[in-house]
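# Whatever this is, show me its structure:
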Amino acid sequence: MKKKEMKWRMYRPAGLDLSGLAEKHHEYAVFFCSELIRRRIFDRQVMYREFVPVKRKHISPVFIPQDAYKPVRNFLIESGQVECDGYYTAGNKSFGYKLAEHLLQEPSTVVLAKKSVLRHKLTKYHEKMKRLQSFQPVHQHLRGWLERLEIDRDAAVDFLDYRRQQEEWGAPSELLAKKSQQRYLHAHASVTRIADGDFFFVGDKKYGRLHSNVTNLETELRPFLRLEGRQLVNIDIANSQPLFLCVLMGRYRGDLVSHCEVGKKSEDLDLVASLLTEPDVREYARLCQNGRIYEELADGKVGSRREVKESFFAEVLFGDTRGKRGSRQLREFTRRFPTVRMVIDEVKRRDYRHLAHTLQRVESGFVLHRVCKRLADEHPGVPLFTIHDSIMTLPGFVNIVRDVLIEEFNCLGLSPMLRKESYCSSVVSSPAAQERKNTKSYLLFFFLYSL
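All right, here's what the predicted structure looks like:
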């Protein structure tokens, strides 16, 4: 598929019947349904909502002409192919829509817009979005590698079919069965986009993170990614978010942490704050660097490692802890690390979400503007695919990426533990794979070990 045609792609639901709609509106009806599918699949904020909120002004006249919008919307609702929640609040809530269940049983078909008017509108929209992205050289470098990425479509789809079958057998409720189906459709669409070379690469201006086909892809599907026919490996920073909190504490000056972008200059992240001399802060930093913060808290008899980690993210980092005692896990954390808790509450003083947002800026500043920028400058031939706080590359370049990560952390006075996630394929019984490959299909196994 040509690169220009990617802008004209739409998702047509399997079984969509437009026989009662004027032919001149057919393509607009497909586009309306495609937007519901696209947002349901790629917008995590609405992925599991019953209805997808749609602002009319974002659809018409931007994509669908005003004289076509009502006929298309009304036909889809009256024919029972789209449902509407039936209410909106001016300035607060838009009408919500969802496709009928019979249109969500199988993956949608990718089609190209044929109408010149719709093609022009889609092209114009994509060009506008591209202009709004103020990419730096390091972003262009990463985008270049992304556009060379491949995926073993057949093996990935076999795996998804196998997993869906297992989940449907074990689903204890209709709600979980629907979530399993939605997960399948999301994963299938993600695989298709990479296989077709339909890449997206979006920078979050507010928090600095990059979102792409790789970050959107489920962890279990990473083994099927290929670069020039070779599998990739992922280099992960152990306890990364708690560790970046250490970096944040290095900037503490007795008031809210600076709002400026961090990580673009080495002096931005120098660990010079006197708080780092506090015994509990030193112990917290030691545990984070050893990748043991969750295990240590779990040893305090406040729950398993998984429970402690979930509580740490839900309460300590992302929840509203201001003036609250919280759960047993939070109370144990406060007892062990009172100075760290004090800094956390101070950063959240005006808005409890500020800590999570600031940690994302610290993370993106370090990974993108320090590590990846240096790798792009000094080792332009090293493949790089970022997944927020981790980096994927080919096995032959692991040592180069690892060394740069370690050196940049050392500049901050930190020596974290890095983990290498290697992916491999193995033989598993799958009827679809056996039919196509006789005896071989793929199932995922992770091998996690320290570098």
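# what helix or strand is Met392 on?
Taking DSSP states H and E as the definition, Met392 sits inside strand 390-393.
# Next secondary structure after that strand?
Counting by DSSP H and E, what follows strand 390-393 is helix 398-411.
# on that earlier part again, what are the buried residues along the strand holding Met392?
By 16 or more other Cβ atoms under 10 Å, the buried positions in strand 390-393 come out as Ser390, Ile391, Met392, Thr393. No exception for glycine: its C-beta is placed from N, CA and C like everyone else's.
# do the same with stretch 199-206
The neighbour-count check on stretch 199-206 (16+ other Cβ under 10 Å) flags Phe199, Phe201, Gly203 as buried.
# residue contacts, the last one?
This points to Gly203. Gly203 is in contact with Gln133, Ser134, Phe135, His139, Arg209, Leu210, His211, counting by Cβ atoms under 8 Å, 6 or more residues apart in numbering.
# how about the closest residue to the last one other than its chain neighbours, phi and psi?
The reference is to His211. Distances taken as Cβ to Cβ, 6 or more residues apart in numbering put Val202 closest to His211, at 4.7 Å, once the chain neighbours are dropped. The phi/psi pair for Val202 (degrees, to the nearest 10) reads phi -120, psi 130.
# Tell me how far Val202 lies from Leu146.
Going from Val202 to Leu146 by Cβ to Cβ, to the nearest Å gives 11 Å.
# Return every residue with contacts to both of these two.
Common contacts of Val202 and Leu146, defined by Cβ under 8 Å, 6+ apart, comprise Ser212.
# tell me what the longest helix seen in the chain is packed against?
Looking across the chain with DSSP state H, the single longest helix is helix 174-195. Applying 3 or more Cβ pairs under 8 Å, 6 or more residues apart in numbering; DSSP states H and E, we find helix 174-195 packed against helix 26-42, strand 150-151, helix 153-170, helix 213-216.
# For my notes, please list those in a markdown table and give distance to Thr277, mean pLDDT and mean neighbour count for each entry.
Output for the helices and strands packed on helix 174-195, formatted as a markdown table (distance: least, Cβ to Cβ, whole Å; pLDDT from 0 to 100; neighbours: other Cβ atoms under 10 Å):
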| stretch | distance to Thr277 | mean pLDDT | mean neighbour count |
| --- | --- | --- | --- |
| helix 26-42 | 46 | 89 | 21 |
| strand 150-151 | 49 | 96 | 18 |
| helix 153-170 | 50 | 88 | 17 |
| helix 213-216 | 37 | 93 | 20 |
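# Would you format these as JSON lines with distance to Arg119 included?
Below are these laid out as JSON lines (distance: least, Cβ to Cβ, whole Å):
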{"stretch": "helix 26-42", "distance to Arg119": "10"}
{"stretch": "strand 150-151", "distance to Arg119": "27"}
{"stretch": "helix 153-170", "distance to Arg119": "26"}
{"stretch": "helix 213-216", "distance to Arg119": "23"}
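# Of all these, which one comes closest to Ser190?
Taking Cβ to Cβ, helix 213-216 is the member of the helices and strands packed on helix 174-195 nearest to Ser190, at 5.6 Å.
# Go ahead and name everything in contact with the closest one.
Helix 213-216 is contacted by residues 42, 146, 149, 190, 193-194, 199-200, 225, 385-388, 392 when judged by Cβ under 8 Å, 6+ apart.
# Quick one: buried ones out of these?
Among those, the ones that count as buried by 16+ other Cβ under 10 Å are 42, 146, 149, 190, 193-194, 199, 225, 385-388, 392.
# Between those residues, which sits nearest Phe75?
Closest to Phe75, out of all of those and judged by Cβ to Cβ, is Phe42, at 25.6 Å.
# Skipping its backbone neighbours, what lies nearest that closest one in space?
Once flanking residues are discounted, Phe42 sits nearest to Asn216: 6.4 Å by Cβ to Cβ, 6+ apart.
# Let me see the contact set for the closest residue to Lys93 other than its chain neighbours.
By the measure of Cβ to Cβ, 6+ apart, the closest residue to Lys93 outside its immediate chain neighbours is Pro53, 6.8 Å from it. The contact partners of Pro53, taken as Cβ under 8 Å, 6+ apart, are Val46, Lys93, Ser94, Phe95, Gly96.
# again, only using 7 Å
Val46, Lys93, Ser94, Gly96 (Cβ atoms under 7 Å, 6 or more residues apart in numbering).
# Can you report how many residues neighbour the first one?
When neighbours are counted by other Cβ atoms under 10 Å, Val46 registers 18.
# for it, helix, strand, or coil?
Using DSSP: H, G, I helix; E, B strand; the rest coil, the structure places Val46 in coil.
# Could I get the phi/psi values of Arg209?
Dihedral pair for Arg209: phi -70, psi 160, per degrees, to the nearest 10.
# try Ile237
Taking degrees, to the nearest 10 as the convention, Ile237 sits at phi -90, psi 120.
# For it, give its distance to Leu225.
From Ile237 across to Leu225, the span is 20 Å (Cβ to Cβ).
# returning to that earlier point: pLDDT score for the residue nearest to His211?
According to the prediction, Val202 has pLDDT 86.
# I figured it was touching Gly208, is that so?
No: applying Cβ atoms under 7 Å as the test, Val202 and Gly208 come out as separate, 12.0 Å apart.
# ok, back up a step: which one among the buried ones among the contacts of helix 213-216 gets closest to Gly86?
Using Cβ to Cβ, the buried ones among the contacts of helix 213-216 come closest to Gly86 at Phe42, 25.6 Å.
# So, low pLDDT: which residues of this structure?
1-6, 132, 170-172, 175, 251-276, 300-303, 325-326, 424-451 (pLDDT under 70).
# so where do the strands sit in the stretch 1-150 of the chain?
Applying DSSP state E, counting those that start in this stretch to the stretch 1-150 of the chain gives strands spanning 9-12, 52-53, 82-84, 96-99, 109-112, 150-151.
# what are the pairing partners of the last one, and which direction each?
Spelled out, that is strand 150-151. Note on strand 150-151: by DSSP bridges, its sheet partners are strand 225-226 (antiparallel).
# which residues touch the strand it pairs with?
For strand 225-226, using Cβ under 7 Å, 6+ apart, the contacting residues are Leu149, Glu150, Ile151, Asp152, Leu232.
# OK, contacts around the first one?
Which is Leu149. Counting by Cβ under 7 Å, 6+ apart, Leu149 has contacts Ile194, Leu225, Leu227, Phe385.
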